[in-house]
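K.L.:
have a look at this prediction, sequence included:
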Amino acid sequence: MPSQLSSHLPGTPPSRSGQKQLAGYFSLEVVRTLKRLAVDRETTVQSLLAQAINDLFEKHGYARLANEQPLPRGGAAQRLRRQAHSQ
């Protein structure tokens, strides 16, 4: 059965429209290292996870589907939300 992605809900940032959260539990050392890597590479944890997921997909013969571009944060994200609500 195909999964249904929810449509844009009020208060949901436009960048999350049509997206689903994917999570897991990892040791504190793993979390700290991933965050340190994101800082060192001047990117986001989201982008690093997308790269890792795409590498896994590719290893098993699937297409690279995850968006590896960092999403807007802080002021840029707030401006996008205001623009979406004013339309």
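P.N.:
Noted; the coordinates are in hand.
K.L.:
count the residues that sit near the residue lying closest to residue 43 once chain neighbours are set aside.
P.N.:
The shortest distance from residue 43 to any non-neighbouring residue, by C-beta to C-beta, 6 or more residues apart in numbering, is to residue 70 (5.4 Å). Just so you know, the C-beta spots here come from the backbone N, C-alpha and C atoms, and that holds for glycine as well. Neighbour count for residue 70, taken as other C-beta atoms under 10 Å: 15.
K.L.:
quick one: residue 70 and residue 28, what's the gap?
P.N.:
In this structure, residue 70 and residue 28 are 24 Å apart, going by C-beta to C-beta, to the nearest Å.
K.L.:
what of residue 39?
P.N.:
Taking C-beta to C-beta, one finds residue 39 at 16 Å from residue 28.
K.L.:
now do residue 34
P.N.:
When C-beta to C-beta is applied, the distance between residue 34 and residue 28 equals 11 Å.
K.L.:
then residue 62?
P.N.:
The value you get for residue 62 to residue 28, if C-beta to C-beta is used, is 31 Å.
K.L.:
between the two, which is the more surrounded one?
P.N.:
residue 62 (11 against 7).
K.L.:
which parts of this protein are helices?
P.N.:
28-40, 45-59, 75-86 (DSSP state H).
K.L.:
got the angle for the second one vs helix 28-40?
P.N.:
Here helix 45-59 points in a direction 100 degrees away from that of helix 28-40 (axes from the mean of the first three to the mean of the last three C-alpha atoms, to 10 degrees).
K.L.:
what residue is smack in the middle of this structure?
P.N.:
residue 46 (4.2 Å; C-alpha atoms, centre = their mean).
K.L.:
leaving out chain neighbours, which residue sits closest to that residue?
P.N.:
Closest residue to residue 46 in three dimensions, ignoring its sequence neighbours and counting by C-beta to C-beta, 6+ apart: residue 71, at 6.2 Å.
K.L.:
could you do residue 38 as well?
P.N.:
Nearest non-adjacent residue to residue 38 (C-beta to C-beta, 6+ apart): residue 45, at 4.9 Å.
K.L.:
quick one: low-confidence ranges for this structure?
P.N.:
Across the chain, the stretches falling below the confidence threshold (pLDDT under 70) are 1-9, 73-87.
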